[in-house]
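Enquirer: Provide a 3D model corresponding to the input given below.
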Amino acid sequence: METIRTFTADSEPDLWAQVATDMASQPDLFDYRVDLCQPPYRVRLELDIDLGGGFEGGYELTTLRAVVPGQPALRFALHEQDWVHEIGKLLGLEDVELGYAELDQAFIITTNDANTLRRLLADSAVHQTLLHHPSARFTLAPDSAAPDAPLLLTFSLERAVVEPEQLRELYKLLLRMLQQLAPQTSA
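Expert: Now for the predicted structure:
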């Protein structure tokens, strides 16, 4: 059983100082998994890199995922606007427009609540992060079809992002969304 390292800090800069040091100490990042904790939030970072070999092409995948406490009603998916999805739109796939021209053009957006998603994505820093990765998939959906399945906020990209500063930008995106979806209550 693989042990997943956990880094915990009260501030985002302190957390990323730990992550950058850990990443620099790794001989490779082919199978890198860490939990990043800024209580009460926890984000799992996974890098999967397979160089392939012979006739195999290999693959790269970067994923950040977090369980969203409280089971908010909102669900959404943003994914690449490509020809396959254009055909899907012709066949009836609902593509919501949020009124953010660059996001609306870059992504196919589906949601059960466009107004809530519009407010959630209102920050220009969120726009810039998403637009840096137009081939990404960003979702808020249950982990499975089970009625008590946890709700996951997931950012995935079929490319290895191995630079700590770029990963930090993606982490900030998830943390910002978590803070809005499940605000921390003061004790």
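
Enquirer: Excluding chain neighbours, give the residue nearest to F76 in space.
Expert: Spatial nearest neighbour of F76, chain neighbours left out: T111 (4.0 Å); criterion: CB to CB, 6 or more residues apart in numbering. Quick note: C-beta positions are derived from backbone N, CA and C, even for glycine.

Enquirer: The one you found contacts A73, doesn't it?
Expert: No - T111 is beyond contact range of A73, at 10.8 Å (criterion: CB atoms under 8 Å).

Enquirer: Give me the more crowded residue out of these two.
Expert: T111 (19 against 8; other CB atoms under 10 Å).

Enquirer: quick one, what contacts the more buried one?
Expert: Taking CB atoms under 8 Å, 6 or more residues apart in numbering as the criterion, T111 is in contact with L74, R75, F76, A77, V96, L117.

Enquirer: cool, and A146?
Expert: Counting by CB under 8 Å, 6+ apart, A146 has no contacts.

Enquirer: Check whether it sits in a helix, strand or coil.
Expert: coil (DSSP: H, G, I helix; E, B strand; the rest coil).

Enquirer: Now, the contacts of T111 that are in helices?
Expert: Counted as lying in helices by DSSP state H, out of those, are L117.

Enquirer: Quick check: which of the contacts of T111 has the minimum pLDDT.
Expert: Across the contacts of T111, the smallest pLDDT goes to V96, namely 83.

Enquirer: any idea how far that one is from G58?
Expert: Using CB to CB, to the nearest Å, V96 is found at 35 Å from G58.
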